[in-house]
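Enquirer: what's the 3D shape of this:
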Amino acid sequence: MGRPPGTPRGLRGARCRPPGPSSGAQQTREGPQGPYARIGFCPKLDEKRFEEKRLVEKCFVEKRFVEKCFDGKSFRFRTQEVGSMLRHVTAGVDGSVESLATAHWAAREAVRRGAPLRLVHAWQWHPRPPASVPMGNSEHEWAQATLNQVVGSVRAAHPDLHIDSRLVSDSPVGALLASPDETELLVLGSRGLGGLAGFMVGSVSQRVVARSVRPVVLVRAGRAAADEHSTTPGGKEPSPQTHGTSNRDVVLGLDVRHPCDELIEFGFEAARLQGAALRVVHAFSVPSADGADLHAVTGAGAEVLAAQERAVVAALRPWCAKYPEISVTETVSEGRPAAALAHASSEARLVVVGRKIRASHLGTHIGPVAHAVLHHANCPVAVVPHA
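Expert: Numbering: from 1, shown residues only. Prediction:
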């Protein structure tokens, strides 16, 4: 039998559907549309190509892409998971020292996760270009040159890392929040991409954190590499057995009243990826009717503390069983959670806090604990949204 009209030969780039009743002579496109989608058609195969047909059908059922490649001697087939291809570690850059540190931190994280890196630079046209744009350059040309410089720096440090650079004509917030289905983690610098110092209310970083449905890590320039004492030149972490006393822990802020699986899992996974120990910090307050110190008046402080410690252990028990290789310590104290986490950040490589996804009449917000930690932490901070 011949090929249906308009159908290309072979299986190059084919994403085939399982066998079934055909709606017509010509095959139709199948599979997700995205930057990694292989566009093509699957011809009806004869008996001599039965094994190829089986491979393509199997990959369809398992949600894999299949590509026929020629290695110089013979044809071979290459497959890859659909889901793993679409998730990037995304970093926002603007050419500043802070954004360069952000890009390199994001690159090391992408290497640890085995994910591609996406560098996003947003620019907007102005009737009068800002003073930062050199004479003789358009805003677009300068924006492209800025992005190319960051990409070159990261690629020199991580030559085997897949880097996807995107120059977007949009606001920084809009550019960073686009395509959440393709983003595994967002990474921003200590300056909002609009140049505001710190994590100030109204900055790009603050607005992205408040609106993102993906975890966001905020990195301070000058601390990113120093916070990873045991990081190797390739961005990978050594095994836990090789860790010395100078290694920093991943710190997880936990509220036992509302334990969140997404938050706890992110903390354990971050510790696993970085080959670090996990320190779980829980701070609580004991209300007193007359304002007196409960410890001094009733002596019940020890009992309350013991109850809080038991609650922390119970919340972590299933996760410790899932990650038996992670060394976990719990720090339970009476006081303000933000203050306890800010204090713990001085000896941490990463602090992980949660943000409840909810909208008020004033719009989205970060929450008081995450807001305070962002202002006072001395290391990168990961904000994990949860329901």
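Enquirer: from here on, contacts and neighbour counts on C-alpha atoms
Expert: Will do.
Enquirer: mind listing what's buried in stretch 92-110?
Expert: For stretch 92-110, burial by neighbour count (16 or more other Cα atoms under 10 Å) applies to 92-96, 98-110.
Enquirer: Excluding sequence neighbours, find me the nearest residue to Val213.
Expert: Pro385 (6.1 Å; Cα to Cα, 6 or more residues apart in numbering).
Enquirer: Pairing partners for the one helix or strand the one you found maps to, with directions?
Expert: Pro385 is part of strand 381-386, with elements assigned from DSSP states H and E. Using DSSP bridges, strand 381-386 pairs in its sheet with strand 216-219 (antiparallel), strand 348-356 (parallel).
Enquirer: mind checking which of those is nearest Leu252?
Expert: Nearest of these to Leu252, taken as Cα to Cα: strand 348-356 at 4.8 Å.
Enquirer: which other residues reach the closest one?
Expert: 227-228, 248-254, 263, 266-267, 341, 345, 366-367, 370, 377, 379-387 (Cα atoms under 8 Å, 6 or more residues apart in numbering).
Enquirer: Pull out the buried residues from the residues you listed.
Expert: By 16+ other Cα under 10 Å, the contacts of strand 348-356 give 227-228, 248-254, 263, 266-267, 341, 345, 366, 370, 377, 379-386 as buried.
Enquirer: Now do the SS call for Ala302.
Expert: Three-state assignment for Ala302 (DSSP: H, G, I helix; E, B strand; the rest coil): helix.
Enquirer: Could you give the number of residues near it?
Expert: 11 (other Cα atoms under 10 Å).
Enquirer: From Leu167, how far off is it?
Expert: 57 Å (Cα to Cα, to the nearest Å).
Enquirer: likewise Val151?
Expert: Applying Cα to Cα to Val151 and Leu167 gives a distance of 12 Å.
Enquirer: the more surrounded of these two?
Expert: A direct count of neighbours by other Cα under 10 Å for Val151 and Leu167 places Val151 higher, at 20 against 17.
Enquirer: Please verify my assumption that the more buried one contacts His162.
Expert: No - if you go by Cα atoms under 8 Å, Val151 and His162 don't touch, sitting 10.7 Å apart.
Enquirer: Near the closest residue to Leu177 other than its chain neighbours, how many other residues are there?
Expert: Spatially, and ignoring its direct neighbours in sequence, Leu177 is nearest to Ser212 (6.3 Å; Cα to Cα, 6+ apart). The burial count assigned to Ser212 is 21, neighbours taken as other Cα under 10 Å.
Enquirer: Now Ser212. Its backbone dihedrals?
Expert: As for Ser212, its main-chain torsions (degrees, to the nearest 10) stand at phi -70, psi 140.
Enquirer: So it versus Leu185, what's the distance?
Expert: 10 Å.
Enquirer: count of neighbours near Thr90?
Expert: 29.
Enquirer: quick one, what contacts it?
Expert: Contacts of Thr90 (Cα under 8 Å, 6+ apart): Ala106, Leu117, Arg118, Leu119, Val120, Leu176, Thr183, Glu184, Leu185, Leu186, Val187.
Enquirer: Can you classify the first one by secondary structure?
Expert: With three-state DSSP as the basis, Ala106 sits in helix.
Enquirer: for the fourth one, same thing?
Expert: For Leu119, the secondary-structure state derived from three-state DSSP is strand.
Enquirer: My guess is it contacts Asp164. True?
Expert: Yes - with contact defined as Cα under 8 Å, Leu119 counts as touching Asp164 (6.3 Å).
Enquirer: Show the residue spans covered by the helices in the stretch 101-250 of the chain.
Expert: 139-157, 172-177, 204-211 (DSSP state H, counting those that start in this stretch).
Enquirer: For my notes, please list the ones you listed in TSV and give mean pLDDT and distance to Glu325 for each entry.
Expert: Below are the helices of the stretch 101-250 of the chain laid out as TSV (pLDDT from 0 to 100; distance: least, Cα to Cα, whole Å):
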stretch	mean pLDDT	distance to Glu325
helix 139-157	91	29
helix 172-177	91	34
helix 204-211	88	31
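Enquirer: now the ones you listed as a markdown table including distance to Cys320?
Expert: Listed next are those as a markdown table, based on distance: least, Cα to Cα, whole Å:
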| stretch | distance to Cys320 |
| --- | --- |
| helix 139-157 | 34 |
| helix 172-177 | 33 |
| helix 204-211 | 28 |
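Enquirer: Out of these, indicate the one that is most buried.
Expert: Ranked by mean neighbour count under mean count of other Cα atoms under 10 Å, the helices of the stretch 101-250 of the chain are led by helix 204-211, which reaches a mean of 23.
Enquirer: Which strands or helices does that helix pack on?
Expert: Counting contacts by 3 or more Cα pairs under 8 Å, 6 or more residues apart in numbering; DSSP states H and E, helix 204-211 is packed against helix 172-177.
Enquirer: how about the strands paired with strand 381-386, which one is nearest Val312?
Expert: strand 348-356 (15.5 Å).
Enquirer: Convert the C-alpha atoms of the closest one to PDB, please.
Expert: Taking Å, rounded to 0.1, in the frame of the first residue of the first chain, the C-alpha atoms of strand 348-356 are listed here in PDB:
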ATOM      1  CA  ALA A 348      21.500  28.200  56.600                       C
ATOM      2  CA  ARG A 349      22.000  27.700  52.900                       C
ATOM      3  CA  LEU A 350      18.300  28.100  52.200                       C
ATOM      4  CA  VAL A 351      15.200  29.000  54.200                       C
ATOM      5  CA  VAL A 352      11.900  27.500  53.100                       C
ATOM      6  CA  VAL A 353       8.600  29.200  54.100                       C
ATOM      7  CA  GLY A 354       5.100  28.800  52.900                       C
ATOM      8  CA  ARG A 355       2.500  31.200  51.400                       C
ATOM      9  CA  LYS A 356      -1.200  30.400  51.500                       C
END
